[in-house]
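Novice: Starting from these lines, generate the structure:
(chains A and B)
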Amino acid sequence: TQLLEQSPQFLSIQEGENLTVYCNSSSVFSSLQWYRQEPGEGPVLLVTVVTGGEVKKLKRLTFQFGDARKDSSLHITAAQPGDTGLYLCAGEEMSSNYKLTFGKGTLLTVNP
Amino acid sequence: DAGVIQSPRHEVTEMGQEVTLRCKPISGHNSLFWYRQTMMRGLELLIYFNNNVPIDDSGMPEDRFSAKMPNASFSTLKIQPSEPRDSAVYFCASRPGLGTQYFGPGTRLLVL
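Specialist: The predicted model follows:
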């Protein structure tokens, strides 16, 4: 079973600060997905990265897939209270019928 | 469009009782997933179906858990008998082919 380690587990920052959260594994994934989950709701997909070294931007969010396709990072610039939530990474493996393995998440709180 | 629909949204039951969770996937999606989320273990895949056929049930904790998908628009996850350690949020998700997984709002289960 592939494991995805996310860090930090908890992060509390002030509005306007920048932050980076990490997702690491010893396994290679065919793709890696980032989700955000708000209280009382299911996770919602933010982005999928497929190619090693790939960088994708979604407004103030920048996602990077490691060259070896084992790790990923999410950087948020000028965080806003609306960014508050649980950020989950999930690895997809072709050999396991494309099922997803999720990390435990980073709980981000952005204080106004 | 209606998203993934789960019922009930909340369930409180006593140890030993049978619990049935229900899911209606998004129309046209041919894959359906059941997940369990806890603070300790994060989001874990229990079972998934493709075209109503169970493909991988390796995540089902034990024989007390069973899942069915009698048709393309309905699935159930049953726990019998329930135990306090089954308390968690249970999510259903559906996916069209190899596309994005869409999660339902979850069922919050508390077993006393």
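
Novice: and the helix or strand where residue B:90 lies, how far out from the chain's middle?
Specialist: For residue B:90, the enclosing helix or strand under DSSP states H and E is strand B:88-95. Centre-to-centre, strand B:88-95 and its host chain are 5 Å apart (CA atoms, centre = their mean, to the nearest Å).

Novice: now swap in stretch A:80-100 and tell me
Specialist: On CA atoms, centre = their mean, the centre of stretch A:80-100 falls 6 Å from that of its chain.

Novice: Chain A contacts on chain B?
Specialist: B:4, B:33, B:41-45, B:48, B:50, B:55-56, B:91, B:93, B:98, B:100-106 (CB under 8 Å from any CB of the partner chain). Bear in mind the C-beta positions are built from the backbone N, C-alpha and C, glycine included.

Novice: Geometric centre of chain B: which residue is closest?
Specialist: residue B:34 (3.4 Å; CA atoms, centre = their mean).

Novice: Which residue is the nearest non-sequential neighbour of that one?
Specialist: Distances taken as CB to CB, 6 or more residues apart in numbering or on different chains place residue B:46 nearest to residue B:34, at 4.4 Å, with adjacent residues excluded.

Novice: ok, that neighbour - contacts?
Specialist: Neighbour list for residue B:46: B:34-36, B:57, B:59-61, B:65, B:67, B:77 [criterion: CB atoms under 8 Å, 6 or more residues apart in numbering or on different chains].

Novice: Dihedrals phi and psi, residue A:12?
Specialist: Dihedral pair for residue A:12: phi -120, psi 120, per degrees, to the nearest 10.

Novice: Tell me how far the residue lying closest to it once chain neighbours are set aside lies from residue A:82.
Specialist: Leaving aside its chain neighbours, residue A:12 sits nearest to residue A:109 (4.5 Å; criterion: CB to CB, 6+ apart). In this view, residue A:109 and residue A:82 are 12 Å apart by CB to CB, to the nearest Å.

Novice: neighbour-wise, which of these two wins?
Specialist: A side-by-side neighbour count of residue A:109 and residue A:82, using other CB atoms under 10 Å in any protein chain shown, places residue A:109 first with 13 against 9.

Novice: which stretches of the chain aren't confidently modelled?
Specialist: Here I'm looking at chain A. Residue ranges of chain A with pLDDT under 70: A:1-2, A:97.

Novice: nope, chain B please
Specialist: Looking at chain B by pLDDT under 70, you get B:1.

Novice: if we can go back for a sec, report the distance from the following helix or strand past the strand holding residue B:90 to the chain centre.
Specialist: Remark: after strand B:88-95, the chain's next helix or strand is strand B:102-103, criterion DSSP H and E. Taking CA atoms, centre = their mean, one finds strand B:102-103 lying 12 Å from the centre of the chain it belongs to.

Novice: I am finished for the moment; much appreciated.
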